[in-house]
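[1] requesting a structural model of the entry that follows:
(one chain, ligands or ions: 1)
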Amino acid sequence: MGPLDGMLMGIKDNFCTSTLPTTCGSVMLKGFTSPYDATVVKLLEASGAILIGKTNMDEFGMGSANVYSDSGVVQHPFTCEKDVKEEDRRVAGGSSGGSAAAVGMKMCTAALGSDTGGSVRLPASYCGVVGFKPSYGRCSRNGLVAYANSLDTVGILSGTVKQASVVYDAISKHDPKDPSSMPDKLRSKLDESDSILRSQWTKGNLKGLVVGIPQEYYVDPMSDDVVDVWRSGIQFLKEQGATIQSISLPHTHLALPAYYIIALAEASSNLARYDGVRFGKLKGQGEGWCDMMLYADTRAEGFGAEVQRRILLGTHVLTAGTFDTLFLPAQKARRLIQADFDQVFYQHNALYESSVEQEGQESTKVHVILTPSAISSAPRMTDVLERHESSNDVKAVDAYMNDVMTVPASLAGLPAITVPFGKSAVDGYPIGLQLMAQYGHDGFLLSIANSLA
Ligand code: GLN
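    This next block holds a predicted model:
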């Protein structure tokens, strides 16, 4: 008997599986089957999970609405029936939209997603399910096709926080095949301090727990219905005895630009391997295998428009002229964002030996942070497709705004979770709230998230 015996699970199509193809939603990998299974896939199988299939995704994990896939768009679970009018359809969110929709429709109990900048938390919010992004390094990336290595994490989508916890326990293991995997020694240290923290609070009794509300997350484009759900989440925690503390994370405004510089720089380098020789079939009429036309044709036909746009942006960021003016400042911004979080959490960041980075005032320290996961409920499919099909770069880049709530935790490597909390008073679609905790305190975060559910 394993802890996941009989649990039906979906797997996002960017995890390598040796018995099913792995396409990452891309023409480039059409028909590709990996010779090996991702470590987390092996761990799920060893724990008794039944893997029922691969789930659709935005090509190579790039997108927020799951409309950028060679396998077609992902429909929102509430509007997926055939007789729903086009103008009434909603997106499921991305890039792990297939996993969120499959869980939302109860096709499976849980599904693996990946979260580089919010790809499990955003679709979870739109579809009304739980979406958990563990701390960076907690779950092995071996066999997860890389988008941006310094940000990529394995994620879990499920109906309840408890289900996410059991799946997490099964896949959160040190893996020597992933150089960024958290070592066992640090895991034991963190788990010890987590079990002390967890014993202090139970569902319904959060007396002494301090919940931070960062003022900078109250952004202009956030819709009123999301603000209302955020307020009721605050009230709900207060009623269980938690103390609500207004906090400031002053560099939050730098997170979105920093993310889109760092993620795309890393992506442009990662995606260089799709050259038609090692992956993807050579296209074109060139003379020999080294003819550059073959390479260009392969990439022009194998990658969708959004992936090409990102490769170009990422390559630009890494060129000599802009390395100092874009890439390095983005890395600095990332450090400042991490330091903001370190200053507000009671818990020391286990990645640093000393607590120098944590000079914040004791009176404004918090155990967890509560924000929305998205600035709106699930957008209309027609609006998203119109933007996508207009081939207007500015409109396409506008969509990056949807990630504003989720990218800070990604840049800082923190654990973060979407818990479905309410419905939009305007359209009735689900709205999720995001809880974040200090680096490595995943178990503690999950136990508090259970109190919000
Ligand atoms: N929407 C973000 C992006 O397109 C995040 C994607 C992800 O987390 N994989 O980069």
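[2] quick check, residue 213 in a strand?
    Yes: under DSSP: H, G, I helix; E, B strand; the rest coil, residue 213 sits within a strand.
[3] so what's the residue nearest to the spatial centre of the chain up against?
    Centroid-nearest residue in the chain: residue 115, 2.4 Å away (criterion: CA atoms, centre = their mean). Shown in contact with residue 115 (CB atoms under 8 Å, 6 or more residues apart in numbering): 96, 121, 131, 133, 152, 153, 154, 155, 406, 410. In short, each C-beta sits where N, CA and C put it, glycine included.
[4] how far away is the first one from the ligand?
    Computed as CB to the nearest ligand atom, to the nearest Å, the residue 96 to the ligand distance reads 7 Å.
[5] in a helix, residue 108, correct?
    No: using three-state DSSP, the assignment for residue 108 is coil, not a helix.
[6] residue 2 and residue 43 touch, don't they?
    No: using CB atoms under 8 Å, residue 2 is not in contact with residue 43; the gap is 10.0 Å.
[7] neighbour count: those two, which is higher?
    A count of neighbours by other CB atoms under 10 Å puts residue 43 above the other of residue 2 and residue 43, at 21 against 14.
[8] now the strands for the protein?
    8-12, 50-55, 110-115, 130-133, 153-158, 210-214, 243-247, 368-372, 416-423, 430-436 (DSSP state E).
[9] close to the ligand, is the fifth one?
    Just to be clear, that refers to strand 153-158. No: against the ligand, strand 153-158 shows no contacts by CB under 6 Å from any ligand atom, the least distance being 8.2 Å.
[10] same question, the third one
    Yes: applying CB under 6 Å from any ligand atom, one finds that strand 110-115 is in contact with the ligand at 114, 115.
[11] what angle separates that strand from strand 153-158?
    150 degrees (axes from the mean of the first three to the mean of the last three CA atoms, to 10 degrees).
[12] now do strand 110-115, average pLDDT.
    Mean pLDDT, strand 110-115: 98.
[13] over to the first one?
    Mean pLDDT, computed over strand 8-12, is 98.
[14] other SSEs contacting it?
    helix 39-46, strand 50-55, helix 97-104, strand 110-115 (3 or more CB pairs under 8 Å, 6 or more residues apart in numbering; DSSP states H and E).
[15] repeat the analysis, applying 7 Å as the threshold.
    For strand 8-12, the packing partners by 3 or more CB pairs under 7 Å, 6 or more residues apart in numbering; DSSP states H and E come out as strand 50-55, helix 97-104, strand 110-115.
[16] between the longest one and strand 416-423, how many degrees?
    What it means is helix 97-104. Using the same axes, to 10 degrees: helix 97-104 against strand 416-423 is 50 degrees.
[17] buried residues, helix 97-104. List them.
    For helix 97-104, the neighbour count (16 or more other CB atoms under 10 Å) marks 97, 98, 99, 100, 101, 102, 103, 104 as buried.
[18] so which residues make contact with it?
    Identification of contacts with helix 97-104 by CB atoms under 7 Å, 6 or more residues apart in numbering yields 10, 12, 55-57, 66, 74-77, 92-93, 108, 110-113, 123-124, 127-129, 131, 157-159.
[19] what is the burial count for the residue of the stretch 1-150 of the chain found nearest the ligand?
    The stretch 1-150 of the chain approaches the ligand most closely through residue 119 (3.0 Å), counting by CB to the nearest ligand atom. Here the count is done by other CB under 10 Å, and residue 119 has 36 residues near it.
[20] for residue 8, see how far away it is.
    Look at residue 119 and residue 8: by CB to CB, to the nearest Å, they are 21 Å apart.
[21] what's the helix or strand of the chain with the lowest mean pLDDT in contact with?
    The weakest-scoring helix or strand in the chain, judged by mean pLDDT, DSSP states H and E, is helix 393-398 (a mean of 73). Applying CB under 7 Å, 6+ apart, the contact partners of helix 393-398 are 306, 309, 387, 388.
[22] tell me the residues of the stretch 151-300 of the chain that contact the ligand?
    residue 263.
[23] so what's the residue in the stretch 301-450 of the chain that the ligand sits nearest to up against?
    Per CB to the nearest ligand atom, residue 403 is where the stretch 301-450 of the chain lies closest to the ligand, at 4.7 Å. By CB under 7 Å, 6+ apart, the contact list for residue 403 reads 64, 117, 118, 122, 256.
[24] I figured residue 275 hits residue 295, correct?
    Yes: using CB atoms under 7 Å, residue 275 is in contact with residue 295, at 5.7 Å.
[25] neighbour count winner among the two?
    A count of neighbours by other CB under 10 Å puts residue 295 above the other of residue 275 and residue 295, at 20 against 16.
[26] what about the more buried one, distance to residue 30?
    18 Å.
[27] any low-confidence regions in the stretch 351-453 of the chain?
    Applying pLDDT under 70 to the stretch 351-453 of the chain picks out residues 354-363, 390-391.
[28] what of the stretch 151-300 of the chain?
    282-293.
[29] and if we set it to 80?
    The model of the stretch 151-300 of the chain has pLDDT under 80 over residues 278, 280-294.
[30] pick out the residue of it closest to the ligand.
    Closest point on the stretch 151-300 of the chain to the ligand, by CB to the nearest ligand atom, is residue 263, at 5.3 Å.
[31] show me the contacts for that residue.
    By CB under 7 Å, 6+ apart, the residues touching residue 263 are 116, 117, 148, 151.
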